[in-house]
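# sequence? don't have it. structure:
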């Protein structure tokens, strides 16, 4: 399965981009500049096109309160950022079979 990645540099850019594309999966950093990841997630969950799109919130934070806030806000999963990019790719790869 081929994948195309769209990278946004802040939460406002991510929210705008989500109005233009139909992702099969969203990886959202909880602590983005301008608008945080939970704001982006709220926009996704309020959009009928994106409401059911899996959204993974990821962060360097291991705090339970951050994990709980993300999951209460509608995150599919909460991942603590791996220190190596290939570990993130491996985590995403485990989800791809579930996405059709």
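Thanks, I have it. No experiment lies behind these values; they were computed from the predicted model shown. Numbers count the residues shown, from 1 in each chain.
# go ahead and name everything in contact with the helix or strand bottoming out on mean pLDDT in the chain.
Counting by mean pLDDT, DSSP states H and E, the chain has its least confident helix or strand at helix 85-95, which shows a mean of 79. Contacting residues not belonging to helix 85-95 are listed as 25, 27, 54, 56, 58, 79, 81, 82 [Cβ atoms under 8 Å, 6 or more residues apart in numbering]. For glycine as for every other residue, the C-beta is placed from the backbone atoms N, C-alpha and C.
# okay, now the unreliable bits of this structure?
For the chain, the stretches with pLDDT under 70 are 1-3, 98, 100.
# which ones among the contacts of helix 85-95 lie within helices?
Among the contacts of helix 85-95, no member falls in helices (DSSP state H).
# filter the residues you listed to the buried ones?
27, 56, 58, 79 (16 or more other Cβ atoms under 10 Å).
# can you tell me the closest non-neighbouring residue to the third one?
Taking Cβ to Cβ, 6 or more residues apart in numbering as the measure, residue 58 lies nearest to residue 79, with 4.4 Å between them; neighbours along the chain are not counted.
# neighbours of the residue lying closest to residue 8 once chain neighbours are set aside, how many?
Closest residue to residue 8 apart from its sequence neighbours, by Cβ to Cβ, 6+ apart: residue 14 at 3.9 Å. Close neighbours of residue 14, defined as other Cβ atoms under 10 Å, add up to 24.
# quick one on the thing from earlier: out of the buried ones among the contacts of helix 85-95, name the ones that lie in strands.
Secondary structure from DSSP state E places 27, 56, 58, 79 of these in strands.
# isn't the second one right next to residue 81, touching?
Going back to what we said before, that points to residue 56. No. Here residue 56 lies out of contact with residue 81, judged by Cβ atoms under 8 Å, at a distance of 11.1 Å.
# residue 70 and residue 15, how far apart?
From residue 70 across to residue 15, the span is 17 Å (Cβ to Cβ, to the nearest Å).
# actually, residue 77.
Taken as Cβ to Cβ, the span from residue 77 to residue 15 is 20 Å.
# no further queries at this time; thank you.
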